[in-house]
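# Starting from these lines, generate the structure:
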Amino acid sequence: MLYCCHMVSRLPQNVPNWRRAIDVSPILSSAMVQSPAPETEVGRVKKRFSEEQIIGFLREVDAGVPVKELCRKHGFSEASYYLWRNKFGGMEVSDAKRLKALEAETARLKKLLAESMLENEVTREALRKKW
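Numbers count the residues shown, from 1 in each chain. Next comes the predicted model:
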């Protein structure tokens, strides 16, 4: 929690000095505070653009639209464009869908492997104990 300068005198003594000077959150009204990003699953933030849209943006630049103009038109940063170009450059929509499916499958398999390794470790611990 951040506090404004005039609130420093009311802070407990155990609050570090660097935190006393920059903490302004208690004075912000709830209307001023931004709501968190929308979440689709637990801990996952919803993306603004689908893979199909991103590939469309990349094709627009290939057709001759300047990157700055494209970014301004659709409301994303140039850094996002270059990240997308590194990830999706040269892909078709079907390739992007396949990539997404493979990433989901990899995540599922990693989760299964972690659960299996945990079960094995618990079993080993139980067997090591002397009854």
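
# Tell me where this protein has strands.
39-41, 44-45 (DSSP state E).

# So for the last one, mean pLDDT?
Along strand 44-45, the predicted local confidence has a mean pLDDT of 66.

# Begin at 727 from now on, thanks
Will do, 727 is the new start, and the previous item becomes strand 770-771.

# How many residues are close by the nearest residue to Gly815 once chain neighbours are set aside?
Leaving aside its sequence neighbours, Gly815 sits nearest to Leu784 (C-beta to C-beta, 6 or more residues apart in numbering; 6.5 Å). For every residue, glycine as well, the C-beta is placed using N, CA and C. Residues lying near Leu784 (other C-beta atoms under 10 Å) number 19.

# Same question for the biggest helix by length in the chain: list its buried residues.
Under DSSP state H, the helix in the chain containing the largest number of residues is helix 819-854. Of the residues in helix 819-854, Ala822 count as buried by neighbour count, 16 or more other C-beta atoms under 10 Å.

# how close does the closest residue to Glu778 other than its chain neighbours sit to Lys813?
Closest residue in space to Glu778, ignoring its immediate chain neighbours: Val819 at 5.1 Å, by C-beta to C-beta, 6+ apart. Distance, Val819 to Lys813, using C-beta to C-beta, to the nearest Å: 14 Å.

# circling back: now for the residue nearest to Glu778: which residues touch it?
Glu777, Glu778, Ile781 (C-beta atoms under 8 Å, 6 or more residues apart in numbering).
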